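> Provided below are the primary sequence and the corresponding predicted coordinates.
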Amino acid sequence: MTIKIVQNPRLSAPLLGLGVLLLATIAALLPILLSRRDWLNLRGWPQLLKFFTAALHPNLNQSLLETAFQASLTTLAYAVCGTFLTALIGLVVGVLATEVFWLSTIGRVWPSRLVRLLLVVPRAIHELLWALLLLNIWGLDSLTAIVAIAIPFGAITARIFADLIDDTPRQALEAVTNSGVSTLVAFCYTLLPQAFLNLLSYAFYRFECALRSAAVLGVIGAGGLGQEIRVSLDAFKYADLWTFFYSLLLLNGLVDWLSAWLRSRLNCAPRTQLSGSEVRTFSPQAPSIPLLLAIALIPVIWSFWYVHPDLSLVTAARSQRLWQQFVGGLWPLKWGNLGVLGSQAIDTVAMSVLAIVMAGVGGLLLAFPAAHNLGRLLGGVGANPCDRGFCSTVRGFSCCWLGRYPRQSGPWWCCM
């Protein structure tokens, strides 16, 4: 008698992925478990308890609240300036990274692949590392924080913009170019207006990310809420710390709400549903594209005025000399450090694997209380207004406190 084992192809791939993830987790844990160092510091728990206890009584002194307000404006201005440069870089480089642009120009796609390959370098370096580099060249100026946000975010946005434009229907572009119009002009009158709402929706998301990055850059002393949080953390003033934390949470929540409202008002697709193949049109009450861009320039102009970056640093003789030293130090490589770099790379990958596993488990646990259909998940709860209010309260707490706060202050958890 033989037993025939029937394999289900729908289960084999997930099980294989789960097995690989389990092996990777074990491999990442081995160096920690086998090391002789204490991987858990139990003496830090009393300090951690003081930190969380201070959340119940933040410092509401008037002078501190004024400082928090001014720091919030600085953080917001950094985010607006960084998003403005991000959108410019993303649009210009994004067009150059599209296949449709080069097919319409020279009939080849290899330049777009080259541009996409070059975008890997700025995308791979975190904005905090860019800030540390620019800090040595430009010093503690607001220009450092703005450009540190714009470089990696601009590269990421360029890649996404290129994909969205490439997926946009090309019939209108082909019709205009066949009539003798130049490719660039045809782009401005056909593909870009068609893809505008999708590009705008992703730009809103980048603005939300830029706000969190602007706070993180306080580590280098760039100002804003990040710097105030770092100063309070170093001084163990947890009551002050939570005041700035709450300010950051409130600012982040307002920006998230404003982005969602503008997306709905303009008929933009949600970020998770972006697709270039779906051409969206403006809602009837929305302004035209030129008027919309003119309105968007108002906060941009105010932000640059508020943080007043010193643009002369770009062309200063000292900056040029330091840039030359930096570029000259890129080659030749010091091969003697490869052993140290190898071990550090392994540690980095191990930490990344453990972080992914913990984030995945946490995401699964938080996905249920944050779900829109929480009532059905609870077995029919939500049939009456009281139940709906309960579900909305649970979901709001999960999205706001368990979703927004940890994701926008990760480096501060690390510092703590």
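Sure thing, it's come through. Residues are numbered from 1 along each chain as shown.
> pLDDT weak spots in the stretch 251-400 of the chain?
Under the criterion of pLDDT under 70, the regions of the stretch 251-400 of the chain flagged as low confidence span 272, 275-280, 282-285, 368-400.
> who's in contact with the residue sitting nearest the centre point of the chain?
Among the residues of the chain, the smallest C-alpha distance to the mean C-alpha position (CA atoms, centre = their mean) belongs to Cys209, namely 3.6 Å. For Cys209, the contacting residues are Phe153, taking CB atoms under 8 Å, 6 or more residues apart in numbering as the criterion. Bear in mind the C-beta positions are built from the backbone N, C-alpha and C, glycine included.
> what do you get for Ala27?
Remark: with contacts taken as CB under 8 Å, 6+ apart, Ala27 is in contact with Ala350, Val353.
> can you show me the helices along the stretch 51-200 of the chain?
For the stretch 51-200 of the chain, helices defined by DSSP state H, counting those that start in this stretch occupy the ranges 62-96, 99-105, 110-118, 120-124, 127-138, 142-167, 171-178, 183-189, 191-216.
> what average pLDDT does the second one get?
Which is helix 99-105. Averaging pLDDT along helix 99-105 yields 88.
> okay, the helices of the stretch 51-200 of the chain, which one's buried deepest?
helix 142-167 (a mean of 24; mean count of other CB atoms under 10 Å).
> so that one versus helix 171-178, what angle?
Relative orientation of helix 142-167 with respect to helix 171-178: 90 degrees, computed using axes from the mean of the first three to the mean of the last three CA atoms, to 10 degrees.
> what packs against helix 142-167?
With contacts defined as 3 or more CB pairs under 8 Å, 6 or more residues apart in numbering; DSSP states H and E, helix 142-167 has these neighbours: helix 62-96, helix 99-105, helix 110-118, helix 120-124, helix 127-138, helix 191-216.
> so for the helix or strand harbouring Arg263, what gets flagged as buried?
Taking DSSP states H and E as the criterion, the element that holds Arg263 is helix 238-266. For helix 238-266, a neighbour-count test (16 or more other CB atoms under 10 Å) marks 238-245, 247-249, 251-252, 255-256, 259, 263, 266 as buried.
> and what of stretch 297-305?
By 16+ other CB under 10 Å, the buried positions in stretch 297-305 come out as Pro299, Val300, Ser303, Phe304.
> secondary structure and distance to Ser182 added to those residues, as JSON lines?
As requested, the buried residues of stretch 297-305 are exported to JSON lines (DSSP: H, G, I helix; E, B strand; the rest coil; distance: CB to CB, whole Å):
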{"residue": "Pro299", "secondary structure": "helix", "distance to Ser182": "33"}
{"residue": "Val300", "secondary structure": "helix", "distance to Ser182": "29"}
{"residue": "Ser303", "secondary structure": "helix", "distance to Ser182": "34"}
{"residue": "Phe304", "secondary structure": "helix", "distance to Ser182": "32"}
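> domains of this protein?
For the chain, the structural domains run 48-322, 328-415, going by automatic domain parsing.
> quick one: which of the ones you listed is nearest Asn41?
When the domains of the chain are ranked by proximity to Asn41, the top entry is domain 48-322, at 9.9 Å, counting by CB to CB.
> quick one: contacts of stretch 141-154?
By CB under 8 Å, 6+ apart, the residues outside stretch 141-154 that reach it are 78-79, 81-83, 85-86, 88-90, 93, 122-123, 125-128, 130-131, 134-135, 138, 206, 209-210, 213-214, 217, 220, 222-224, 307-311, 313-314.
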